[in-house]
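Colleague: pasting the sequence and the predicted model now:
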Amino acid sequence: MKPLLTYYPLAHGVTAFSTTRYGGVSQGSYGELNINPYCGDEPHAVAANRRLLADELGVDERRIVLPHQVHGIDCRMVSPELFSLPEATRHNMLNNVDSLMTACRDTCIGVSTADCIPILLYDPEHHAAAAVHAGWRGTVKGVVRKAVDEMHSCYGSAPQHLKVVIGPGISLANFEVGQEVYDEFVQHGFNMEHISRRFDKWHIDLPRCNSRQLERAGVLPENITLTGICTYDRVADYFSARRLGADSGRIYTGIILR
């Protein structure tokens, strides 16, 4: 059994990818390839899928790092010391975290999504990377801008040198929201003419919201790759909570520095 991944040609010496639903052992709405332990899947299936993914990526499975996300903006640095800590301490350090960054080689950092927007950032000057989970709440709060700032503070990363992939997530066509969500974006200063459309209800373009935030943070437009993969439309290939329900698997979008 071999996990089927979507790879992104981000840079030499970097492996960037998203998992698909294929090549694991999970069943039902978690089938097949889910490594997220927080969404209700069987623990034995999650563990088996982690081993399969580690083998595919050529990394130690203990070096696959996944935070417990809460739709916030906290960013955690993954350093070599993390792996020498007791398991309970590591778990606590990765709790309530929505983005990770690292300069460690052969360590996979990533985030889990199932309609939210996963974003990978790479700094070729300092060989450092970040993985960001941007749902609508995180997007409103500026989670990707926070990650850019944290990379600058910790590694000296210049925004104009960052390479970015915006991975599989729900598209404007399928991200229907209530008036209260629309109003949240208005209150936080988003240009709604550029990021929303009105059908029967409001629809918001989360990938575009985040790409515009990245540009305002100093990332060059030509360095931002949008995959254009809509998880809602392609639920057979990628997990979509709006199609499958909250009790379903999650895509893992990760990056490894070699």
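Modeller: That came in fine, so what should we check first? Residues are numbered from 1 along each chain as shown.

Colleague: for the residue lying farthest from the centre of the chain, give me its contacts.
Modeller: Going by C-alpha atoms, centre = their mean, the residue of the chain most distant from its centre is residue 200, 29.4 Å out. The neighbourhood of residue 200, defined by C-beta atoms under 8 Å, 6 or more residues apart in numbering, consists of residue 176. Backbone N, C-alpha and C define where each C-beta goes, glycine included.

Colleague: now for residue 239, how many residues are close by?
Modeller: 29 (other C-beta atoms under 10 Å).

Colleague: where do the strands of the stretch 151-258 of the chain begin and end?
Modeller: 163-166, 176-177, 196-198, 202-204, 224-226, 251-257 (DSSP state E, counting those that start in this stretch).

Colleague: so which of those is the most surrounded?
Modeller: Ranked by mean neighbour count, these are led by strand 251-257 with a mean of 26 (mean count of other C-beta atoms under 10 Å).

Colleague: show me the helices in the stretch 1-150 of the chain, by range?
Modeller: For the stretch 1-150 of the chain, the helices defined by DSSP state H, counting those that start in this stretch cover 43-57, 87-93, 136-141, 143-155.

Colleague: pick out the shakiest of the ones you listed, pLDDT-wise.
Modeller: Here the lowest mean pLDDT among those goes to helix 87-93, at a mean of 93.

Colleague: now it - C-alpha only, CSV.
Modeller: Extracted in CSV, the C-alpha atoms of helix 87-93 (Å, rounded to 0.1, in the frame of the first residue of the first chain):
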residue,chain,number,x,y,z
GLU,A,87,5.7,12.9,24.6
ALA,A,88,3.2,14.7,26.8
THR,A,89,5.4,17.8,26.8
ARG,A,90,5.6,17.7,23.0
HIS,A,91,1.9,17.3,22.8
ASN,A,92,1.3,20.3,25.0
MET,A,93,3.7,22.5,23.0
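
Colleague: what comes up buried for that helix?
Modeller: Neighbour-count burial for helix 87-93, counted by 16 or more other C-beta atoms under 10 Å, picks out residue 90.

Colleague: list the contacts of that helix.
Modeller: Outside helix 87-93, the residues touching it (C-beta under 8 Å, 6+ apart) are 68, 76, 82, 83, 85.

Colleague: many thanks, we can stop here.
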